[in-house]
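# Predicted model and sequence follow; I will ask about them next.
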Amino acid sequence: MLSHGWNLSPTEAVALQNSLRRQVVGRNCYAELQRIAGVDVGFEAHGSITRAAIVVLSYPQLQPLEQAIARLPTSFPYIPGLLSFREVPAILQALSKLQQPPDIFLCDGQGIAHPRRFGLACHLGVYTDIPSVGVAKTRLIGSHATVPAEKGGWVPLIDKDETIGAVLRTRSGVKPLYISIGHKISLERSIELVLACTPRYKLPETTRAAHRLASG
DNA sequence: GCGACAG
DNA sequence: ATCTTGTCGC
């Protein structure tokens, strides 16, 4: 009943997260990665329209394979901790337009590095049953030590004595990214994957490609 | 009660 | 997220 629609009240949304969090799988559960997808969500018309773009790249070559874009009326406000209820509907619409689903998603936002351990990446992963990783540009919760300045350096992101993710330097001397598992992948593999997708810039090539599509 | 707060 | 040009630095 509650899990069938996205038009929920904030209170219902929190309840749904607490219910679905049990379905998150933190182990590597996939055959092989050949199609890796980047997702970007933007807004138009003063925020009244949500625009989602998905770009699928080959892995590990990172060459473009296919892409899709979708626009939907915005139906949920931005509330820290409830981001997925605002962005996932449009992402699912774009996903349905792809010829073939990707093997994994690199999401803009947190995975389990979330108050209820169920951020955007977890929600998209569990809902589609496709592996996913949360790649956020800034922190939502958790604390961490100083991150080594060299590319590849990282420190655990901790909340309540629990490791919920990693703060990873994807480019020397540049602000680090907040990595956390979304679904069906381990944190160690998530870190390796993000590093494999950042040969030159701070953000993964997948995310950059999706951002370009969403812009023009 | 006072901050913090993914995009 | 979005509104927006030039500017500092590797």
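In hand now; what should we look at?
# which residues in chain A form helices?
Under the criterion DSSP state H, helices of chain A are mapped to A:10-20, A:83-95, A:120-128, A:187-196, A:205-215.
# Next, see if the longest one gets close to DNA strand B.
Right, helix A:83-95. Yes - applying CB under 7 Å from any atom of the strand, one finds helix A:83-95 in contact with DNA strand B at A:L83, A:S84. (Each C-beta comes from the backbone N, C-alpha and C, glycine too.)
# contacts for that helix?
Outside of helix A:83-95, the residues that reach it under the criterion CB atoms under 8 Å, 6 or more residues apart in numbering are A:6, A:8, A:13, A:39, A:41, A:50-54, A:68-72, A:74-79, A:101, A:109, A:118-120, A:123-124, A:127-128.
# can you list the residues of chain A near DNA strand C?
Residues of chain A found near DNA strand C (CB under 7 Å from any atom of the strand) are A:V41, A:G42, A:F43, A:G47, A:Y78, A:D108, A:K137.
# and with 10 Å instead?
Residues of chain A found near DNA strand C (CB under 10 Å from any atom of the strand) are A:40-47, A:49-51, A:78, A:83, A:86-87, A:108-109, A:136-138, A:172-173, A:207, A:211, A:214-215.
# Let's see which of these end up in strands.
Using DSSP state E, the subset of those located in strands is A:D40, A:V41, A:G42, A:F43, A:E44, A:I49, A:T50, A:R51, A:D108, A:A136.
# and A:G165, what are its bridge partners?
Counting by DSSP bridges, A:G165 is bridged to A:L157.
# got a pLDDT number for the residue of chain A found nearest DNA strand C?
Here the residue of chain A nearest DNA strand C is A:G42; by CB to the nearest atom of the strand that distance is 2.9 Å. What the model reports as pLDDT for A:G42 is 95.
# quick one on the thing from earlier: for my notes, please list the ones in strands among the residues of chain A next to DNA strand C in JSON lines and give neighbour count and distance to A:N28 for each entry.
Listed next are those as JSON lines, based on neighbours: other CB atoms under 10 Å; distance: CB to CB, whole Å:
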{"residue": "A:D40", "neighbour count": "25", "distance to A:N28": "25"}
{"residue": "A:V41", "neighbour count": "24", "distance to A:N28": "27"}
{"residue": "A:G42", "neighbour count": "16", "distance to A:N28": "31"}
{"residue": "A:F43", "neighbour count": "16", "distance to A:N28": "34"}
{"residue": "A:E44", "neighbour count": "12", "distance to A:N28": "37"}
{"residue": "A:I49", "neighbour count": "14", "distance to A:N28": "37"}
{"residue": "A:T50", "neighbour count": "23", "distance to A:N28": "32"}
{"residue": "A:R51", "neighbour count": "20", "distance to A:N28": "32"}
{"residue": "A:D108", "neighbour count": "22", "distance to A:N28": "22"}
{"residue": "A:A136", "neighbour count": "23", "distance to A:N28": "21"}
